[in-house]
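> here is the input, now give the coordinates:
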Amino acid sequence: QLQLVESGGGLVQPGGSLRLACTASGSPLDDYGIGWFRQAPGKEREGVSCISGLGNIIRYADSVKGRFTISRDYAKNTVYLQMNSLKPEDTAVYYCAAVFRLCLLGPSGYISWGRGTQVTVPS
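Purely as a prediction, here's the structure:
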């Protein structure tokens, strides 16, 4: 059974960078698209970025375009989210999730979710 674990979160000053990793176990990620989502206190879960199973389709939320970059390493069974120029409004718990082959910015359709990693950018 596919299991996902996020890592790389932490506290970073505005303008700083973090790289999140989503590592899979139990199944190769080759057939799965991966989405990154975030949820701030009192807010709904928001799609941040996604990458298809083949890696040929990538999408970003407007709020992170030009600042975040998603990539995948098939050999390491890992998908990364490079986050640059971080802002206080990026503060949230970040989750990765898997869907068969697709790249979806909405949470519907994802079949496996990680437990999340906290990203904090103080104001």
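
> measure the spatially most central residue of the chain to residue 61 for me?
With distances taken as CA atoms, centre = their mean, the residue of the chain nearest its centroid is residue 36 (2.5 Å). Distance, residue 36 to residue 61, by CB to CB, to the nearest Å: 9 Å. No exception for glycine: its C-beta is placed from N, CA and C like everyone else's.

> joint contacts of those two?
47-49 (CB atoms under 8 Å, 6 or more residues apart in numbering).

> I'd like those residues as JSON lines, with distance to residue 94, neighbour count and secondary structure appended.
JSON lines is the format used below for those (distance: CB to CB, whole Å; neighbours: other CB atoms under 10 Å; DSSP: H, G, I helix; E, B strand; the rest coil):
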{"residue": "47", "distance to residue 94": "11", "neighbour count": "19", "secondary structure": "strand"}
{"residue": "48", "distance to residue 94": "7", "neighbour count": "25", "secondary structure": "strand"}
{"residue": "49", "distance to residue 94": "10", "neighbour count": "25", "secondary structure": "strand"}
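
> closest one of the residues you listed to residue 12?
Nearest to residue 12 out of the shared contacts of residue 36 and residue 61 is residue 48 (CB to CB; 15.9 Å).

> now the strands: where do they sit in this protein?
For the chain, the strands defined by DSSP state E cover 3-7, 10-11, 18-25, 32-39, 46-51, 58-60, 68-73, 78-83, 92-100, 112-113, 117-120.

> got the contact list for the first one?
Applying CB under 8 Å, 6+ apart, the external contacts of strand 3-7 come out as 20-26, 94-98, 112-117.

> still on that earlier bit, nearest to residue 106, of the strands of the chain?
Here strand 46-51 is closest among those (CB to CB), at 5.9 Å.

> before we move on, the earlier item: and the buried ones among the contacts of strand 3-7, selectable in PyMOL?
Buried residues within these, by 16 or more other CB atoms under 10 Å, are selected in PyMOL with:
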select buried, resi 20+21+22+23+24+94+95+96+97+98+112+113+114+116+117
